[in-house]
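**Student:** build me a structure from this.
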Amino acid sequence: MKQSKNIGGGSVQRIKAERKKIPSVTSVVRDLLHGDKIALSRAITLIESTTESDRIKAEQLLQRCLGRDQNSIRIGITGVPGVGKSTFIEALGKHLISLGYKVAVLTVDPSSTLSKGSILGDKTRMPQLVQEPDAYIRPSPSGPTLGGVARRTREAMTLCEAAGFTIILVETVGVGQSEIAVHSMVDFFLLLQLAGAGDELQGMKRGIIEMADAIAINKADGNNVREASKARSAFEQALHLYPPKYNGWQPRVMTCSALRNQGIDDIWEMISHYVDVTKDKDSFVEKRRAQNKKWFQEAVEEALYLQFYQDKSVQKKLESLVKQVETGKKTPFKAAAELLGKFEERH
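**Tutor:** Residues are numbered from 1 along each chain as shown. Predicted coordinates for the structure are as follows:
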């Protein structure tokens, strides 16, 4: 009996050791392409890492996952806090799964500017969707990234598509520049709004309306149905004041109740129609290409940024220049020119 116990204990130790082993890029890609959610999570964790060694592995991983979008549809969903984004996404996700789609949800939790921490509680806000075998929910911290999207949202979408997910839903924190950021990486941009919360148009930014492919008035139920209908008419009138989109699409305004699962199927039919129309006109592909170009430009900017601040001569000079700027001995422009000059000397 003792011998079997020792063997069992050794087996447990070996299993624990295996779990601690960091899988290779090859094994992660292999499992990810077979739809393994654990491999997908590991891959996203890898691309979110800021260490140099992980960054190299992440680049290798992404390169092997490119071109596997499988006719995916990327949908950005934004709106002010309290509009019901999580409830809406859960309702939409369940509807899409019932139609045979595999749905990946990339959500963003705002990081504290003080502690840098993030709650990452989106899985608890979508308790039914998280249990679906054909659903994958990945909450990520926004970190210092501007725009209410995680630092590697674009790369995470590529990995989800490689894992076989055909619908990618991207939820933003709905603050600041989030609308601009998410619009630059999705096929369809949906803006959620509330009715009965004051003058709906008063607080609307012109840029948000121009970017939206559709506006959905959520929580159109109970005593709020009439207010939602009035808000819909107001938004429809506002949209007609804007020039048509480059692809000819006329943005729609719809009402829904995510809580009661009303109007969700109509919204999906509208999105499907948008995809068909833009694919027929080739504007769907053109938009994807423009987004890839922007992705490349951002990658170049990030690479230059890292190369600059990781340069030893820059690091050595930076601290003294900061002190001189703080004490008013040098202007920021003069200090920046000196720092750039020090970098150029070595390159």
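
**Student:** thought D187 was touching F284, still the case?
**Tutor:** Yes - F284 is in contact with D187 according to C-beta atoms under 8 Å; the separation is 6.5 Å. To be clear about C-beta, it is placed using only N, CA and C from the backbone, and glycine gets the same treatment.

**Student:** find residues that contact each of the two.
**Tutor:** Counting by C-beta atoms under 8 Å, 6 or more residues apart in numbering, the residues touching both F284 and D187 are V275, T278.

**Student:** and the residue nearest to V285 when sequence neighbours are not counted, how many neighbours?
**Tutor:** Nearest non-adjacent residue to V285, counting by C-beta to C-beta, 6 or more residues apart in numbering: K279, 7.5 Å away. K279 is flanked by 13 other residues according to other C-beta atoms under 10 Å.

**Student:** you'd agree K279 is in a strand?
**Tutor:** No - assignment of K279 by DSSP: H, G, I helix; E, B strand; the rest coil gives helix, placing it outside any strand.

**Student:** for the stretch 201-347 of the chain, what spans make up the strands?
**Tutor:** Under the criterion DSSP state E, counting those that start in this stretch, the stretch 201-347 of the chain contains strands at 214-218, 252-255.

**Student:** what's the most buried one of those strands?
**Tutor:** strand 214-218 (a mean of 25; mean count of other C-beta atoms under 10 Å).

**Student:** contact partners of that strand?
**Tutor:** 79, 83-84, 88, 188-195, 209, 228, 231-232, 235, 239, 251-258, 263, 267, 270-271, 274.

**Student:** same check, this time on stretch 31-51
**Tutor:** With C-beta under 8 Å, 6+ apart as the criterion, stretch 31-51 contacts 23, 27-30, 54-55, 57-58, 61-62, 65, 68, 102, 136, 138, 140, 150-152, 155-156, 159-160, 162-164.

**Student:** if we go to 7 Å?
**Tutor:** 23, 28, 54-55, 57-58, 61-62, 136, 138, 140, 151-152, 155-156, 159-160, 162-164 (C-beta atoms under 7 Å, 6 or more residues apart in numbering).

**Student:** cool, stretch 311-323 as well?
**Tutor:** Stretch 311-323 is touched from outside by F308, K330, A335, E338, L339, K342, F343, R346, with contacts defined as C-beta under 7 Å, 6+ apart.

**Student:** what's the PyMOL line that selects buried ones from those?
**Tutor:** Restricted to buried positions by 16 or more other C-beta atoms under 10 Å, the PyMOL selection for the contacts of stretch 311-323 reads:
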select buried, resi 330+335+339+342+343
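
**Student:** possible to save the contacts of stretch 311-323 as a markdown table with pLDDT?
**Tutor:** Output for the contacts of stretch 311-323, formatted as a markdown table (pLDDT from 0 to 100):
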| residue | pLDDT |
| --- | --- |
| F308 | 93 |
| K330 | 93 |
| A335 | 94 |
| E338 | 92 |
| L339 | 94 |
| K342 | 84 |
| F343 | 86 |
| R346 | 76 |
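
**Student:** can you pick out the most distant pair from the contacts of stretch 311-323?
**Tutor:** K330 and R346 (21.3 Å; C-beta to C-beta).

**Student:** pull out the buried members of the contacts of strand 214-218.
**Tutor:** 79, 83-84, 88, 188-195, 209, 228, 231-232, 235, 239, 251-258, 263, 267, 270-271, 274.

**Student:** quick one: find the helix or strand in the chain with the lowest mean pLDDT.
**Tutor:** helix 2-20 (a mean of 49; mean pLDDT, DSSP states H and E).

**Student:** ranges for the helices of this structure?
**Tutor:** Applying DSSP state H to the chain gives helices spanning 2-20, 25-33, 37-48, 52-65, 85-98, 122-125, 153-162, 178-183, 206-211, 225-239, 264-280, 283-310, 312-326, 332-346.

**Student:** number of residues surrounding Q250?
**Tutor:** Count around Q250 with other C-beta under 10 Å applied: 11.

**Student:** look up how far Y242 lies from it.
**Tutor:** As judged by C-beta to C-beta, to the nearest Å, Q250 and Y242 stand 10 Å apart.

**Student:** who touches both of the two?
**Tutor:** Joint contacts of Q250 and Y242 (C-beta under 7 Å, 6+ apart) do not exist.

**Student:** just give the closest residue to L46, not the sequence neighbours.
**Tutor:** Using C-beta to C-beta, 6+ apart, the nearest residue to L46 is A58, at 5.1 Å.
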